[in-house]
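Chemist: here are the coordinates; sequence isn't available:
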Ligand code: UDP
Ligand code: MG
C-alpha cells in the first residue's frame with residue numbers, strides 16, 4: 001500500500017536549529033519508504049530561517065514552504081500547514097527538536113493499527129525550568145477539570161492525525177485556535193505514544209510568558225464556559241453571606257448598644273467585593289473579546305508565498 005505523509009513544522013526564528021531538524025526528519029522519513037512532504041510554515045521569522053528553507057527546496061522536492069506575511073502565532077501557523085497538507089496521515093512537530101522526530105515512526109505504526117489520532121505524551125521534560133514544569137502540570141489538570149472535551153493531560157501539539165481528522169479540523173473555523181483541543185473535540189480513535197521531551201536543540205523559546213498566558217487562556221475559554229458560571233456561584237454565595245451579616249447588623253442595631261466603629265471593616269469588604277466584581281468583568285470581557293474576533297471574521301492568516309506545492313495559489317486563511 002502506498003501512502004503519503006505530511007509533516008507540518010511551524011518555524012519562527014529557528015535558523016539555529018532548522019538544518020539539524022531537517023536532517024533528522026529526512027533520516028526518519030526516508031525509513032518509511034513512502035512518499036512524504038515536509039511543510040515548513042514560516043511564521044514571520046526575522047532571521048534567515050526562510051532563506052535556509054529555500055536552500056532545502058532547491059535540492060529536495062519533498063520540502064515545501066508556506067511563508068506567512070508576518071508572525072501570526074504558533075497555533076495559526078499549524079492551521080496554515082493543515083490547510084495545505086495533502087498526506088493520508090499528517091504529523092505536527094515543533095522545529096526545535098524538543099519533539100524527537102524518531103517518535104514519528106512509532107506514531108505511524110499506531111496509525112497503521114487503525115488509530116486516527118496518535119498524540120505524543122510527555123513522560124518527562126528535560127531542561128525546562130521548574131516553573132514551566134509545575135505550571136504546565138497544574139494547567140493541564142485545571143483544563144481537564146474545566147472542559148467537557150477530553151483533552152489528554154501532558155500532551156502538546158506533537159501528534160499524528162489521519163486525513164479524516166484533518167477534514168473535520170478544517171471545518172472548525174474559530175479564530176482563537178487551541179489546536180490540541182480542536183483535535184480532541186473531533187473525537188476519533190485516539191491513542192498515545194510516550195516520549196521524553198528533550199531540551200531545545202539551540203536557540204531560545206519563542207513562547208515568552210505573555211504568549212503562554214494567552215495560550216493558556218485560549219485553551220480554557222475555547223472549551224469551557226465554567227469561568228462565566230463561576231461568577232454566578234460566587235455571586236450567590238457572597239450574597240447569601242452578606243444577607244446573614246445584614247441580619248446580624250440589624251439585630252445588633254435594634255437590641256444592643258454596641259456603637260458601630262466600622263471604618264476598617266467597611267473598607268475591607270468594599271475592596272474585596274470590588275476586586276471580585278472587576279475579576280468577573282474581566283472574565284466576561286475575555287469572552288466578549290472572542291465574540292468580537294469571530295464577528296470581524298478576518299482571514300486567519302495571510303500568505304506571502306507558497307513554494308513547492310502543485311497548486312501555488314496564494315489563497316489566504318479561508319476561515
Ligand atoms: N513558533 C511559531 N510561532 C510563534 C512561536 C513559536 O511558529 O509565534 C514555533 C517555534 O518555531 C517552534 C514551535 O512553534 O517550532 C514551538 O515553539 P517553542 O519551542 O519556542 O515553544 P516551547 O517549546 O518553548 O513551549
Ligand atoms: Mg520548544
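Modeler: The structure has been received and is ready for your questions. All figures in this text were calculated on a predicted structure; none of them were measured in a lab. Ligands and ions are numbered 1, 2, ... in the order given.
Chemist: how far does stretch 57-67 stretch from start to finish?
Modeler: From its first residue to its last, stretch 57-67 covers 13 Å (Cα to Cα, to the nearest Å).
Chemist: residue 166 reaches residue 89, doesn't it?
Modeler: No: taking Cβ atoms under 8 Å as the definition, residue 166 is not a contact partner of residue 89, at 9.1 Å. Every residue, glycine included, has its C-beta placed from N, CA and C.
Chemist: who's more crowded, the two?
Modeler: Applying other Cβ atoms under 10 Å to residue 166 and residue 89 shows that residue 89 carries more neighbours, namely 25 against 20.
Chemist: so residue 97: helix, strand or coil?
Modeler: Secondary structure assignment for residue 97 (DSSP: H, G, I helix; E, B strand; the rest coil): coil.
Chemist: please name the residues that touch it.
Modeler: Residue 97 makes contacts with 17, 20, 21, 24, 198, 200, 201, as judged by Cβ atoms under 8 Å, 6 or more residues apart in numbering.
Chemist: quick one: which of the residues you listed is most hemmed in?
Modeler: Tallying neighbours with other Cβ under 10 Å puts residue 21 at the head of the contacts of residue 97, with 22 neighbours.
Chemist: can you tell me how far residue 67 is from ligand 2?
Modeler: In this structure, residue 67 and ligand 2 are 21 Å apart, going by Cβ to the ion, to the nearest Å.
Chemist: go on, residue 232?
Modeler: Distance, residue 232 to ligand 2, by Cβ to the ion: 39 Å.
Chemist: now do the SS call for that residue.
Modeler: helix.
Chemist: and if you look at residue 174?
Modeler: Classified using three-state DSSP, residue 174 is coil.
Chemist: these two touch, right, it and residue 294?
Modeler: Yes: under the criterion of Cβ under 8 Å, residue 174 makes contact with residue 294 at 6.8 Å.
Chemist: just the helices in the stretch 1-150 of the chain please.
Modeler: 18-31, 49-59, 74-84, 103-113, 130-146 (DSSP state H, counting those that start in this stretch).
Chemist: next, the angle helix 18-31 makes with the fourth one.
Modeler: On the basis of axes from the mean of the first three to the mean of the last three Cα atoms, to 10 degrees, helix 103-113 is oriented at 30 degrees to helix 18-31.
Chemist: how far does helix 103-113 sit from the chain's center?
Modeler: In terms of Cα atoms, centre = their mean, to the nearest Å, the centre of helix 103-113 is found 23 Å from the chain centre.
Chemist: check the first one too.
Modeler: Shown here is helix 18-31, whose average C-alpha point lies 24 Å from the average C-alpha point of the whole chain (Cα atoms, centre = their mean).
Chemist: close to ligand 2, is that helix?
Modeler: No: using Cβ under 5 Å from the ion, we find that helix 18-31 stays clear of ligand 2, coming within 11.2 Å at best.
Chemist: residue contacts, the nearest residue to residue 106 once chain neighbours are set aside?
Modeler: Nearest residue to residue 106 in three dimensions, chain neighbours excluded: residue 193, at 4.8 Å (Cβ to Cβ, 6 or more residues apart in numbering). Residues in contact with residue 193, defined by Cβ under 8 Å, 6+ apart, are 103, 106, 107, 110, 118, 119, 120, 121.
Chemist: how does it look with 10 Å?
Modeler: 103-110, 115, 118-121, 158-160 (Cβ atoms under 10 Å, 6 or more residues apart in numbering).
Chemist: now render the helices of the stretch 1-150 of the chain as a markdown table, adding mean pLDDT.
Modeler: A markdown table is the format used below for these (pLDDT from 0 to 100):
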| stretch | mean pLDDT |
| --- | --- |
| helix 18-31 | 94 |
| helix 49-59 | 94 |
| helix 74-84 | 94 |
| helix 103-113 | 94 |
| helix 130-146 | 81 |
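Chemist: and of those, who's closest to residue 185?
Modeler: Residue 185 sits nearest to helix 130-146 of all those, at 13.0 Å, using Cβ to Cβ.
Chemist: other SSEs contacting that closest one?
Modeler: strand 117-125, strand 155-162, helix 209-223, helix 226-255 (3 or more Cβ pairs under 10 Å, 6 or more residues apart in numbering; DSSP states H and E).
Chemist: what bridges to the nearest residue to residue 56 once chain neighbours are set aside?
Modeler: With Cβ to Cβ, 6+ apart as the criterion, residue 56 has its nearest non-adjacent residue at 4.4 Å, and that residue is residue 63. Legend: beta-bridge partners of residue 63 under DSSP bridges are residue 38.
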